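# pasting the sequence and the predicted coordinates here, then a few questions.
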Amino acid sequence: MVQLTINGKKVSTKKGNTILEAALDNNIKIPHLCHDKRLMPYGGCRLCIVEIEGRKKPEASCATFATDGLSVWTDTPKVIKIRQTVLELILVHHPLDCPVCDKAGECDIQDLVYQYGSPRTRFVAEKNHALPDTRGPLVELTSSRCVLCGKCVRLCAEHQGKGALGLIGRGFPTVVQPAFGEALECDFCGQCIDVCPTGALMNKSLKFKARPWFLEEKDSICSFCGCGCTLTLGLTDGKIQRSRGMQDRGVNRGNLCGRGRFGFDYIYSENRLRSPMINKGGELVTVTWDEALNYISDRMKSIINAHGPSSIGAIGSPRCTNEENYCFQKFMRNVVGSNNIDSSASFGYGLVEKAWHMAFGLSGHRIDLKYPTGKEVILAIESDLTVTHPVFGLNILQAQREGSELIVADSRETKLTRHSTRWARIKQGTGVVFLNGIMRIMMDRGLIDNQIVLHMKDVSAFEETLKEYTPSKVSEITGLSRDELVTITETLVHAKTRMLTLSIGVSENSKGLDTVLAATNLIHLLGESPDALQIPAEYANTFGLYQMGVRPDAGPAYQWTGVEGKNIFEMLYEPYSLKALYIMGADPLVNFPDKSEIITTLKSLYLLIVQDIALTETAKFAHVILPASSWAEKEGTYTNAEGVSQMLPRLIEPAGQSLPDWKILKNLARTMGEDMAVHDTTDIVREIDSLRVKYYDSFPMTRIFNPVHYVPGEEPDTEYPVNMVLRDVLQHAGSMSTRSKTLNLISSEALLEINRTDADRFGISHNGYVKVISRRGTVYLKAAVSDSVPDGNVYVPTHFPHSAVSTLTHQSGKGRITTEAVRIETA
Amino acid sequence: MLNETALQEIQELKIRYPERESALLPALYIAQREFGWLSNEALLHVANVLNLPEAKVRGTASFYSMFKDKPAGRNIVQLCTNISCMIAGSDGLVNFLQTRYGMKPDETTPDGRFSLILMECIGACGTAPAMLVNTDFHENLTEQNIGEILETYK
């Protein structure tokens, strides 16, 4: 710690902090425009000027280190006069168009002029008359208001790793804009909007919607990925108008991605369900809650009587709260009497839990969003965490900037590969071979952690499996040179601290249980703690849903239920295995693989209940549709990938007659003559708390090798010569985000990314439509010819209902790699 | 597209610095040497080779006056018009260059002989007005001697 005096008051601060940081940490205000905690000191705006005793000239406090014994004065008449002059200079060009500026009221420039005196300037010059650049979909750039502090430019390049904006030109004509003045084409995280101290960069969707002083701001948790970021939501008249990140707030510490910032408006979609509906003779008819619940109750009871409770299944939701998922499984287990309950987690997080248990005997795999910080080596396997979990991804990029060696083994170019220190371009789906190859080299060269490995029982069987993964074979399958493999192995082995990471989920198909198991084996060999493996849960409450017992093999808090229920594969892909299915907040027809197989199953049901916030593709097959309240319309908790439970406040009135999911379940139970013993969410929380006897971490840790062999996905042949790999796009998470009008402005349909060579081979042009044919079906997609994907492979996202990519895909039921062999033709 | 030798030069530059960004100025020099000026295509090319954001490359190129954003004449005349040169009559010289040689600021003469750039201070206030022709320095300019000087550049 460093001790210094500011304005006569003794303060202390961390070594390496600047005077400005020391002051801000101690609640001493120094005005500043160009400083941001996340960026390197810049010293551009000169407003944070201070006097330091014993130094001749005033200094910029944001670019001067705090050292022991300094005596700093922040508000002397001299300093104030300098600041006034600096402001005068800034106002030479600034238009002071506050009456028509959406920033007014929370504008740094406005506040400073208010504080320091006068909006007049002694310097006469032409004002900048640039009109707003309204071309972009979400960000509006009004360069006349810009004071050229460069914060947006630096944040975009230094922190986001994108560099979409530049300070172009020199002197008076300098403007902030994309390289050649084209419309802004970027990741659309909107972080530049948050850092802009003026109204130069603004959220277009908020334009002329609400004066900031009328916005009532409340914090909630993002409903998209597993990071669990805190959103600061601004409301007027009971409507959410905007979402922004506040410095240091939440697990995201003020960072947001485009989904969190712009995507919340899916709750205002025209597709929202406003009343219960029953399918009467092929037509969806609006009915009362009473009629809908009685209909379900009658049918369910007769099904239970005729076929037993095990003929009823249920699918829970990573978008619903812990309380709701708890009630859902309680409804199934106590009211219906069936363990047939599962969720999309079975395609992703469920596999991680399984591997975690097999390898370490542990449960409740959590990540630490800050884990990448300071690790010597970070290895990412076939994943772009900057897309699936953007805030976790930011922390990885930051670690790399601060000196971590980032090794990315991936088949396609991603943001992560662009920022890697080493990009091991392996072929898609060969992560297992890559990992086995590394382990074989470690074994051969005796580079393993003997203290740990020699105490493990099954080393010889494991070594036997690795025998066939000779460097030359691995090189042949992965396409990586032997030298590269050796270098990566040595880097990994010699590092003192490491992190292994990947993403896995229903929207990706080139990784499976085997990939996770291979990673756990590597953890054993390296003698690493299990924590070094960081695999985030996919969605907002995937982790929580698992804890709440929305799974066929265990109840809440890992209480084993005895009879194992049917899992998602048995429920959805085996027609006639069930008589009734209750789907809460999931859209299997869009998100899950093999659409036609699921349709066959859905059509075989006597009763399909879909409870959701919007009319989903799956809901169109339902006998009864129940309208649920969205994340902003109810109270509850989400548990993020770190295992942290965070409160969701009720922000707005529920849409139409929609009800929170737990209330629907409670009412349905009552209609069926049962009492769930829950009256409000506090009841449920109390009940959950009382059950948390065996929470994660309470199992003793073991170490077991689980040898895995490489099992490729569907192999291409002459008829279907191309591999289709599923990958997420940055603007979407699952299919719910596709109901957001703002996000759809950037990305509204599945683009088929294809290499130039392949495009020429199949006669496909950029932006042209193509016919994609797999063994299971055909869809038409728009092609995006791209140098970032390897030839022989195409990459497609699954989010979009209208693109119907799941028509092409298949599932394995065993957590295997399921890349598709497809044929591409011009449409 | 840059030729193999130029690309090789840039690759070698990359290794010389711990940060890729540090190689940007020398790489832009190489590109300008090869193309004569820095077109948008040339800037994109440099951005690609150095794996730097395009906005960073354009921002840097547009900041420095030694990088040209349009094709230039055979001889580049950089005349200072900052305060000392202005007081000593540089504005008159600008008019003279236009009437005598048809040279307009930021433009190239139709015969491709001269490009005129109005320069920020070149540190010759004591001997103002002053100019640079290509890399040659000329001071104490008048309407008489400026013509004689320019006649030596064909």
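Sure, I can see it. Treat the numbers as computed from the prediction; the structure is a model and nothing was measured.
# A:D36 should be in a helix, yeah?
No: counting by DSSP: H, G, I helix; E, B strand; the rest coil, A:D36 falls outside a helix, being coil.
# quick one: pLDDT of it?
The per-residue pLDDT reported for A:D36 equals 94.
# repeat for the one 4 residues further on
The predicted local confidence for A:M40 comes out at a pLDDT of 92.
# does it touch A:H159 like I think?
No: between A:M40 and A:H159 there is no contact under CB atoms under 8 Å: 9.9 Å. C-beta: built from backbone N, CA, C; applies to glycine.
# quick one, which of these two is more surrounded?
Per other CB atoms under 10 Å in any protein chain shown, whichever of A:M40 and A:H159 has more neighbours is A:H159, with 21 against 10.
# restricting to C-alpha, output stretch A:506-513 in PDB.
Backbone C-alpha positions of stretch A:506-513 (Å, rounded to 0.1, in the frame of the first residue of the first chain) are rendered in PDB as follows:
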ATOM      1  CA  VAL A 506     -27.100 -27.900 -27.500                       C
ATOM      2  CA  SER A 507     -26.200 -25.300 -30.100                       C
ATOM      3  CA  GLU A 508     -22.800 -26.800 -30.900                       C
ATOM      4  CA  ASN A 509     -22.100 -30.200 -32.300                       C
ATOM      5  CA  SER A 510     -18.300 -30.700 -32.600                       C
ATOM      6  CA  LYS A 511     -17.700 -31.500 -29.000                       C
ATOM      7  CA  GLY A 512     -19.100 -34.100 -26.700                       C
ATOM      8  CA  LEU A 513     -18.700 -35.900 -23.400                       C
END
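# where's the residue nearest to A:Y638 when sequence neighbours are not counted relative to A:I221, distance?
Closest residue to A:Y638 apart from its sequence neighbours, by CB to CB, 6 or more residues apart in numbering or on different chains: A:N541 at 4.5 Å. For A:N541, the distance to A:I221 equals 9 Å [CB to CB, to the nearest Å].
# can you check A:R498 too?
Applying CB to CB, the value for A:R498 to A:I221 is 30 Å.
# likewise for B:L97?
67 Å.
# cool, A:K103 as well?
Noted for A:K103: a distance of 26 Å to A:I221, by CB to CB.
# same question, A:T489
Counting by CB to CB, the gap from A:T489 to A:I221 is 40 Å.
# looking at A:K103 and A:I221, which one has more neighbours?
Using other CB under 10 Å as the criterion, A:K103 and A:I221 rank with A:I221 on top: 28 against 21.
# isn't that one right up against A:A540?
Yes: using CB under 8 Å, A:I221 makes contact with A:A540 at a distance of 7.1 Å.
# for A:L235, list each beta-bridge partner.
Bridge pairing for A:L235 (DSSP bridges) gives the partners A:E216, A:I240.
# now do it: how many residues are near it, please.
For A:L235, the tally of surrounding residues (other CB under 10 Å) stands at 18.
# mean confidence score for stretch B:122-129?
What stretch B:122-129 shows for mean pLDDT is 93.
# which residue, other than its chain neighbours, is closest to whichever residue of the stretch 151-300 of chain A sits closest to chain B?
Per CB to the nearest CB, A:G163 is where the stretch 151-300 of chain A lies closest to chain B, at 2.4 Å. Distances taken as CB to CB, 6+ apart put B:P53 closest to A:G163, at 2.4 Å, once the chain neighbours are dropped.
# now do that neighbour against A:T639, distance only.
Noted for B:P53: a distance of 37 Å to A:T639, by CB to CB.
# look at these two and report which has more neighbours.
Set B:P53 next to A:T639 and count neighbours by other CB under 10 Å: A:T639 wins out with 26 against 22.
# the closest residue to A:D133 other than its chain neighbours: how many residues sit nearby?
In space, and not counting its chain neighbours, A:D133 is closest to A:L141: 4.3 Å by CB to CB, 6+ apart. Neighbourhood size, A:L141 [other CB under 10 Å]: 26.
# ok, now which ones touch A:L141?
Applying CB atoms under 8 Å, 6 or more residues apart in numbering or on different chains to A:L141 gives the contacts A:132-133, A:176-177, A:184, A:200-201.
# same check, this time on A:C222
Shown in contact with A:C222 (CB under 8 Å, 6+ apart): A:228-231, A:256, A:259-260, A:540.
# considering those residues, which possesses the most neighbours?
A:A540 (32 neighbours).
# mind listing what that one touches?
Contact partners of A:A540, counting by CB under 8 Å, 6+ apart, are A:221-226, A:228, A:318-319, A:631, A:638, A:640.
# from these, which is closest to B:A88?
Ranked by distance to B:A88 (CB to CB), the contacts of A:A540 are led by A:C222 at 63.9 Å.
# ok, the closest one to A:W73 distance?
A:C222 is 42 Å from A:W73, by CB to CB.
# minimum distance to chain A, which residue of chain B gives it?
B:P53 (2.4 Å).
# one step back: CSV for the contacts of A:A540, including distance to B:T152 and secondary structure?
Output for the contacts of A:A540, formatted as CSV (distance: CB to CB, whole Å; DSSP: H, G, I helix; E, B strand; the rest coil):
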residue, distance to B:T152, secondary structure
A:I221, 74, strand
A:C222, 70, coil
A:S223, 74, coil
A:F224, 69, coil
A:C225, 69, strand
A:G226, 72, coil
A:G228, 73, coil
A:P318, 78, coil
A:R319, 78, coil
A:W631, 77, helix
A:Y638, 78, strand
A:N640, 74, coil
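# okay, helices next: where are they in chain B?
For chain B, helices defined by DSSP state H occupy the ranges B:4-16, B:24-35, B:40-50, B:54-63, B:83-87, B:90-101, B:143-151.
# what about the third one and chain A, touching?
Yes: in this structure, helix B:40-50 sits against chain A according to CB under 8 Å from any CB of the partner chain; the contacting residues are B:40, B:43, B:47.
# picking that back up, correct me, but the residue of chain B closest to chain A touches A:A164?
Yes: the pair B:P53 and A:A164 passes the contact test of CB under 8 Å, sitting 7.0 Å apart.
# a strand runs through the residue of the stretch 151-300 of chain A closest to chain B, doesn't it?
No: membership of A:G163 in a strand is not supported by three-state DSSP, which gives coil.
# count of neighbours near it?
By the criterion of other CB under 10 Å, A:G163 has 22 neighbours.
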